[in-house]
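In: how does the following fold in three dimensions:
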Amino acid sequence: MNTSIIRVLRPALLTLVLAASLAFSADPLQTQMSMEGDLEVDLIRVAIDDSVLTTVFAYRNNGSEEAGIKYSVSDVYYLDKSEGKKYHVLADSQGDWIAAPVARGSIAIETGMSARPVPIPAGGKKLVWFKFPAPPTSSTEINIVLPDALPFEKIALEQ
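Out: Sure thing, here's the model as predicted:
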């Protein structure tokens with residue numbers, strides 16, 4: 001990999017690792033049930049920095065068997081009720097979603113030939129994060145919609 005790319009990505013990866021370790025120990029802001037049986041989804045973090053809204057979710061498998069998640073990133077959005085606007089996940093200049101884990105436009109794992117669901121072992125957790133355009137500074141709360149989960153409603157924003 002090009003060393004200049006590594007130099008640019010290293011701070012972002014370090015931040016993500018630190019956020020991930022905090023996310024596994026932090027109390028969720030809100031928890032919703034997944035439509036997929038024994039999965040629950042915790043909203044761990046909502047933060048606005050430099051006109052970008054970052055969200056971090058932890059999928060928890062409360063079941064006795066491995067579960068998996070796979071859905072199109074294009075189906076993820078938040079609603080700013082004060083403006084009546086819907087905001088989708090950001091994409092970079094090459095059209096790749098600014099989210100993880102992403103494979104072939106979905107929250108999934110790349111297999112080389114296709115994308116498969118992100119596995120979540122029984123009793124385990126997996127993190128998923130998204131970056132969105134930030135809402136206007138006048139916005140005080142949003143609703144976040146993930147496919148196959150109940151909506152996260154009235155999420156307070158600190159601008």
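In: show me the residue at the heart of the protein, geometrically.
Out: The C-alpha lying nearest the average C-alpha coordinate of the chain belongs to Trp129 (Cα atoms, centre = their mean; 2.6 Å).
In: just checking, what packs against the host helix or strand of that residue?
Out: Assessed by DSSP states H and E, Trp129 sits inside strand 125-133. Secondary-structure packing of strand 125-133 (3 or more Cβ pairs under 8 Å, 6 or more residues apart in numbering; DSSP states H and E): helix 3-25, strand 52-61, strand 85-88, strand 99-100, strand 118-120. Glycine gets a C-beta too; all of them are placed from N, C-alpha and C.
In: partners of the residue nearest to Asn61 when sequence neighbours are not counted in the sheet?
Out: Leaving out its chain neighbours, the residue that sits closest to Asn61 by Cβ to Cβ, 6 or more residues apart in numbering is Ile120, at 4.2 Å. Beta-bridge partners for Ile120, by DSSP bridges, are Ala67.
In: contact partners for Ile120?
Out: By Cβ atoms under 8 Å, 6 or more residues apart in numbering, the residues touching Ile120 are 39, 59-61, 66-69, 126.
In: who's Val52 bridged to?
Out: Asp49, Pro133.
In: that one and Val89 touch, don't they?
Out: No: under the criterion of Cβ atoms under 8 Å, Val52 makes no contact with Val89, lying 11.0 Å away.
In: overlap in contacts, the two.
Out: With contacts taken as Cβ under 8 Å, 6+ apart, Val52 and Val89 have 131-132 as neighbours in common.
In: so how far is Ser139 from Pro147?
Out: Separation of Pro147 from Ser139 (Cβ to Cβ, to the nearest Å) stands at 23 Å.
In: repeat for Ala149
Out: 22 Å.
In: Glu65 too?
Out: Separation of Glu65 from Ser139 (Cβ to Cβ) stands at 40 Å.
In: and these two? which has more neighbours close in?
Out: Ser139 (17 against 9; other Cβ atoms under 10 Å).
In: for the more buried one, give me its contacts.
Out: Listed by Cβ under 8 Å, 6+ apart, the contact partners of Ser139 are 80, 82-83, 157, 159.
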